[in-house]
Structures are given as C-alpha cells and as structure tokens.
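Enquirer: Whatever this is, show me its structure:
(one chain, ligands or ions: 2)
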Amino acid sequence: MAANNRQHEAPVRDFLTDIVRRPEDHARFMNMLSMLEHMGSRKIMVSQMDRTLTEDVLKHLAEEARHAYFFKRQAERVAGKSLDGYTQDNTMERVPALMYFGRLDAGISAQVTDEEAYPWVSLIIELRACWLYEIYNDVLSKSGLKLSLKSLLAEEDMHLAEMFGMCGQDTEKLQRLSAYETELFGRLWNKLCIASPVAKAA
Ligand SMILES: [Fe+2]
Ligand SMILES: [Fe+2]
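Expert: Ligands and ions are numbered 1, 2, ... in the order given. Model (predicted):
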C-alpha cells in the first residue's frame with residue numbers, strides 16, 4: 001500500500017500544508033473528515049444489526065463516532081462558529097467524499113463474502129486513515145496550530161491491527177482491494193485539489 005501511494009504523498013502533504021493556513025477551508029476539510037468518520041461508525045452499526053454485537057465491535061463504532069465528534073469540534077473551533085450537519089456549504093467536496101465512501105463499501109463488499117465485509121472494508125479504510133492522519137499530524141505539528149491527532153492515530157492503529165487479525169493473511173486480496181481503494185482515493189483527492197488549489201503562485 002505504501003509503495004502504491006508514494007505518488008500521492010507529496011501532493012497530499014502540499015495540500016495539507018496549504019490548507020491548515022486557511023482557517024475557513026481547513027474547517028470545511030475537517031468537517032469532511034468528520035462526515036467520513038461518522039459514516040464509518042454508522043456503517044459498522046448497520047452492518048452488525050443482524051449479528052451478535054460484541055464488545056469489540058461496539059468499541060470500534062464508538063471510537064469512530066468519537067473521531068467524527070473530534071473533527072467536528074476542531075472544525076468549529078478553527079471556524080469560530082458552529083458547523084451544523086454536513087452541508088454543501090460547510091463540508092469540503094461533500095458529494096465526492098460520499099461517493100468515495102459508497103463506492104469503496106460497495107466495491108469491496110462485492111468482492112468478499114457477507115461475513116468478510118466488515119473486517120475487509122474496515123481494514124482498507126484503516127489503512128487509508130493511518131496513512132493520511134500520519135501525514136496530516138506531521139503537517140499540523142509543524143504548523144503551530146494547537147491540534148494533535150496523536151490519540152486518534154493510536155486508535156486507528158489499534159483498529160488496523162485488529163482488522164488485520166480478523167482478515168487473516170491474504171496478501172493477494174489485500175493488494176487487490178487496497179489498489180481499488182487507492183484509485184478511489186486518488187479521484188477524491190483530485191477533486192479536493194481542484195476545489196482548493198495549493199496557493200503556489202501567490
Ligand atoms: Fe476513525
Ligand atoms: Fe478506525
């Protein structure tokens with residue numbers, strides 16, 4: 001996954017470095033992350049409705065809900081106002097973000113059994129979350145903003161390890177599904193860059 005994503009690293013870092021300097025856009029970006037975290041949490045809940053809800057699953061969905069809350073709260077702090085819901089106005093690239101999540105979920109679910117959907121969809125999302133938040137946290141620490149993703153990253157790392165354990169060793173499947181996600185991520189990121197071009201020429 002890391003090798004496949006090397007191409008994205010520099011542009012993502014540039015984008016984040018630029019956006020954290022612009023409070024209004026930064027807030028909208030964080031509200032988008034909040035929306036994705038919220039969707040993740042809700043997805044876990046819905047997918048486990050007809051099953052025996054375990055403590056592990058409940059913990060996972062509660063933590064994703066807390067991540068949604070974390071980004072919402074930070075977005076409001078940076079914006080200096082409340083950002084209710086996830087609207088076109090207060091959420092950066094709302095529709096592409098919804099599409100990213102929807103396609104990811106549908107595409108992966110179609111390639112695995114019903115039983116496998118929860119761990120595999122989660123695993124692929126956790127890979128992206130860890131990858132992105134690692135870069136984002138580094139950018140934030142250099143920005144002087146009092147915002148750290150440290151505890152959030154620790155939780156995503158735990159989820160990743162847990163999902164790895166559930167999915168078992170299937171390197172071929174992992175590479176295939178991860179490549180599928182990387183393509184969707186590339187598309188979403190392109191939209192973000194178009195919507196909010198890095199202010200290079202300034
Ligand atoms: Fe999360
Ligand atoms: Fe997670």
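Enquirer: helix or strand for the residue in the chain positioned nearest to ligand 2, which one?
Expert: Residue nearest to ligand 2 within the chain (Cβ to the ion): His159, separated by 3.7 Å. From N, CA and C alone the C-beta is placed, and that goes for glycine too. Element membership for His159 (DSSP states H and E) is helix 150-167.
Enquirer: Other residues contacting that helix?
Expert: With contact meaning Cβ atoms under 8 Å, 6 or more residues apart in numbering, helix 150-167 is reached by 56, 60, 63, 67, 70, 116, 119-120, 122-123, 126-127, 129-130, 133-134, 137, 173-174.
Enquirer: how does it look with 7 Å?
Expert: Identification of contacts with helix 150-167 by Cβ atoms under 7 Å, 6 or more residues apart in numbering yields 60, 63, 67, 70, 119-120, 122-123, 126-127, 129-130, 133-134, 137.
Enquirer: coming back round to it: any idea how far the residue of the chain closest to ligand 2 is from Arg128?
Expert: 12 Å (Cβ to Cβ, to the nearest Å).
Enquirer: again, but for Ile44
Expert: In terms of Cβ to Cβ, Ile44 sits 16 Å off from Arg128.
Enquirer: Then Pro119?
Expert: From Pro119 to Arg128 the distance is 15 Å (Cβ to Cβ).
Enquirer: give me the low-pLDDT residue ranges for the protein?
Expert: Residue ranges of the chain with pLDDT under 70: 199-202.
Enquirer: what residue is smack in the middle of this structure?
Expert: Ala129 (4.6 Å; Cα atoms, centre = their mean).
Enquirer: Identify the residue spatially nearest to that one, adjacent ones excluded.
Expert: Glu156 (4.6 Å; Cβ to Cβ, 6 or more residues apart in numbering).
Enquirer: got it, and Tyr136?
Expert: Leu16 (5.5 Å).
Enquirer: How many neighbouring residues does that neighbour have?
Expert: 20 (other Cβ atoms under 10 Å).
Enquirer: do the same with Thr113
Expert: With other Cβ under 10 Å as criterion, Thr113 counts 8.
Enquirer: tell me the phi and psi of it?
Expert: Note on Thr113: its backbone torsions stand at phi -80, psi 170 [degrees, to the nearest 10].
Enquirer: mind checking how far it is from ligand 1?
Expert: Separation of Thr113 from ligand 1 (Cβ to the ion, to the nearest Å): 24 Å.
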